[in-house]
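K.L.:
sequence and predicted structure below; questions after.
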2 protein chains.
Amino acid sequence: MSNQKTSDILISEVGPRDRLQSVSTTMPTAHKKQWIRDLAAAGLREIEVGSFVSHKLLPQMADTGEIVAFARTLPGVFVTALAPNLHGAQDAFQAGVQKITIPVSVSEPHSLANVNKTHAQMFEQVRQIIACRNAHYPAVLVEAGLSTVFGCTIQGVVEEDDVLRMAHTMAELGVDEVGLADTVGYATPLQVHRLFTRLKHDLGELAGSAHFHNTRGQGLANVLTALDAGVTTFDASLGGIGGCPYAPGASGNIVTEDLVYLLESMGLRTGVSIEKLLVARETLKQGLPNEPLYGFIPDAGVGKNFHYAGEKA
Amino acid sequence: MSNQKTSDILISEVGPRDRLQSVSTTMPTAHKKQWIRDLAAAGLREIEVGSFVSHKLLPQMADTGEIVAFARTLPGVFVTALAPNLHGAQDAFQAGVQKITIPVSVSEPHSLANVNKTHAQMFEQVRQIIACRNAHYPAVLVEAGLSTVFGCTIQGVVEEDDVLRMAHTMAELGVDEVGLADTVGYATPLQVHRLFTRLKHDLGELAGSAHFHNTRGQGLANVLTALDAGVTTFDASLGGIGGCPYAPGASGNIVTEDLVYLLESMGLRTGVSIEKLLVARETLKQGLPNEPLYGFIPDAGVGKNFHYAGEKA
């Protein structure tokens, strides 16, 4: 769904939201803008630019409204943001986002720990957000980003039937997309294939993106089986930033640079330039000098054999 | 082929050969033995313990004969070594290896750079090695490890037809297995699937192992498509050591720890204990204190959801 598709696969860049949410450093707004400008220049067509959350809890997200307004000036970029509740969603709508993602935990203990809400309370938030969108911002898309669907550090195993039940509930509440997120890096390839196959079977066009972390090094293997199950939108972050700061040694999201290499090498067009991603990576490095960046392609290069999908070998 | 199979997938641990070949540090023989003892204790059933090459060129391999003799005392371990020519193969046979791997480059420029031999000269070596084996060491297996099959830093693209032609030549010369190696980390999933499918189709039971490097982060994705093409033996190294010291930022082989996690999570038994691999990793770290180790599982842990194939969830 979402934006215009001039590519086979849509990469949704979530670094500006996923990492800055978990890092205590506040990146200056001007630097954030340069980073996002570089991401857009590299060909990324969907960017999750921030979260609409309490400024007290996450001061590093206090400028999200300004960042949204800036990102909307970049041609060809579809601007999304995370909003965990009605209040955040209203702020996001007013700021001019084109899509919001509501994080909904399938694990109720995680929901309570993360957003202090039971499932019933989350459903009520989603219902109100959809009502607000329908009444005042009919052009804005609403995605439910189901989290902890591959397992939860608090609850442990999360039943696949519970994931599907939650997906149906979200569809009934009127969301436009249901994505599946591996919040804690537990996903493994066969599980990914099973869950996305069921999601697609049950929800059809509402089946949305895959959000993987590379915590256990299985990220790109999971992408392969998700592709096989029909997924066409993948969240990723430049330099693999993002992820839980409370899991020592756990790295963040799958790395945009390595993902683009994988997809293009498989003949799948992403519209993204690896060379220009490396420019954005330099900007990011300057903005977060004390944070580790991940990925193999930035060090190893694409190699002599690589060519973009559709280009001649 | 090769050893007794009490598992679905055979992991052939190549760290003692692949890394020590490329690192200038000489690990004391006693420390090497402890490392190999730990690898065996973790359940690894095939270990490539060294190379039989000129002691002048690679002094760190001068003790390979002693290491082979030691490894043969470990119950349940199938002991293999690399031998690039007849002289090395004779030494390996005499030392008591159970299998040798002859590296044969499909890229002739790489063959000249690596072992200073044309294809014709390599074929002659293989012919003589097989004759020696048949005459004096009939129980020892001989594998041709085709290198640069997914591309070459010198030649660039390597034609898949050339790989298959080389595989047929090796079969005609009488080797027992033909493995495919991604020497420089160029392999991508669809290419892996195509080549191993053709290898299996053309060579049947002689089709051997997959040797991947994780240089561009595609290692486990390549494993997935190789599995799909019927590969059942994978080379890997503890801590991802190995690989070319002349490619800055390029990491080594696929990481045994992460590979075991992947396979077991897919219901494929490896017979290897991740917990015990971490013991071996500590030994390795002490023996190569200045070398980086790779892998995600050692930092992140297996997580609450993990269970070995065949164990109850």
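P.N.:
Noted; the coordinates are in hand. Numbers count the residues shown, from 1 in each chain, chains lettered A, B, ... in the order given.

K.L.:
all contacts plus neighbour counts: C-alpha atoms, from now on.
P.N.:
Will do.

K.L.:
helices along the stretch 101-250 of chain A, start to end?
P.N.:
Defined through DSSP state H, counting those that start in this stretch, the helices belonging to the stretch 101-250 of chain A, from first to last, are A:108-115, A:119-136, A:160-173, A:189-203, A:219-228.

K.L.:
for these, which has the smallest mean pLDDT value?
P.N.:
Among the helices of the stretch 101-250 of chain A, helix A:108-115 has the lowest mean pLDDT, at a mean of 91.

K.L.:
quick check: which of the helices of the stretch 101-250 of chain A is nearest to chain B?
P.N.:
For those, distance to chain B was read as Cα to the nearest Cα. The smallest value, 4.3 Å, belongs to helix A:219-228.

K.L.:
can you list contacts of that closest one?
P.N.:
A:187-190, A:192-193, A:196, A:210, A:212-213, A:234, A:254, A:259, A:262, B:218, B:220-222, B:224 (Cα atoms under 8 Å, 6 or more residues apart in numbering or on different chains).

K.L.:
make it 6 Å
P.N.:
Applying Cα atoms under 6 Å, 6 or more residues apart in numbering or on different chains, the external contacts of helix A:219-228 come out as A:189, A:193, A:254, B:220, B:221.

K.L.:
which of those tops the neighbour count?
P.N.:
Among these, residue A:254 has the most neighbours (other Cα atoms under 10 Å in any protein chain shown), with 31 neighbours.

K.L.:
around chain B, which positions in the stretch 151-300 of chain A sit nearby?
P.N.:
Near chain B, the residues belonging to the stretch 151-300 of chain A are A:156, A:157, A:216, A:217, A:220, A:221, A:249, A:250, A:296, A:297, A:299, A:300 when assessed by Cα under 6 Å from any Cα of the partner chain.

K.L.:
show me the contacts for the fourth one.
P.N.:
Same thing as residue A:217. When contacts are counted by Cα under 6 Å, 6+ apart, residue A:217 is found next to residue B:296.

K.L.:
could you rerun that using 10 Å?
P.N.:
For residue A:217, the residues meeting the contact criterion (Cα atoms under 10 Å, 6 or more residues apart in numbering or on different chains) are A:185, A:188, A:250-251, A:254, B:217, B:219-220, B:255, B:258-259, B:261-262, B:295-297, B:300.

K.L.:
hmm, back to that, the residues of the stretch 151-300 of chain A next to chain B into CSV, with extra columns for distance to residue B:109?
P.N.:
Output for these, formatted as CSV (distance: Cα to Cα, whole Å):
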residue, distance to residue B:109
A:156, 53
A:157, 52
A:216, 38
A:217, 34
A:220, 32
A:221, 33
A:249, 41
A:250, 41
A:296, 26
A:297, 25
A:299, 25
A:300, 22
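
K.L.:
rewinding a little: winner for burial among the helices of the stretch 101-250 of chain A?
P.N.:
Using mean count of other Cα atoms under 10 Å in any protein chain shown, the stretch among the helices of the stretch 101-250 of chain A with the greatest mean number of neighbours is helix A:219-228 (a mean of 23).

K.L.:
now the angle between helix B:219-228 and it, please.
P.N.:
Orientation note: helix A:219-228 sits at an angle of 50 degrees relative to helix B:219-228 (axes from the mean of the first three to the mean of the last three Cα atoms, to 10 degrees).

K.L.:
of all pairs in the contacts of helix A:219-228, which one is the farthest apart?
P.N.:
Largest separation among the contacts of helix A:219-228 by Cα to Cα: A:193 and A:254, giving 17.2 Å.

K.L.:
rewinding a little: distance to residue A:16 added to the helices of the stretch 101-250 of chain A, as TSV?
P.N.:
Written out in TSV, the entries for the helices of the stretch 101-250 of chain A read as follows (distance: least, Cα to Cα, whole Å):
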stretch	distance to residue A:16
helix A:108-115	19
helix A:119-136	23
helix A:160-173	26
helix A:189-203	25
helix A:219-228	19
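
K.L.:
so which of those helices gets nearest residue A:67?
P.N.:
Of all those, it is helix A:119-136 that lies closest to residue A:67, at 20.9 Å by Cα to Cα.

K.L.:
which strands and helices lie in contact with the closest one?
P.N.:
Here helix A:119-136 touches helix A:86-95, strand A:99-105, helix A:108-115, strand A:141-147, helix A:160-173, going by 3 or more Cα pairs under 10 Å, 6 or more residues apart in numbering or on different chains; DSSP states H and E.

K.L.:
columns distance to residue A:79 on top of these, output as JSON lines?
P.N.:
Putting those into JSON lines (distance: least, Cα to Cα, whole Å) gives the following:
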{"stretch": "helix A:86-95", "distance to residue A:79": "10"}
{"stretch": "strand A:99-105", "distance to residue A:79": "7"}
{"stretch": "helix A:108-115", "distance to residue A:79": "23"}
{"stretch": "strand A:141-147", "distance to residue A:79": "11"}
{"stretch": "helix A:160-173", "distance to residue A:79": "22"}
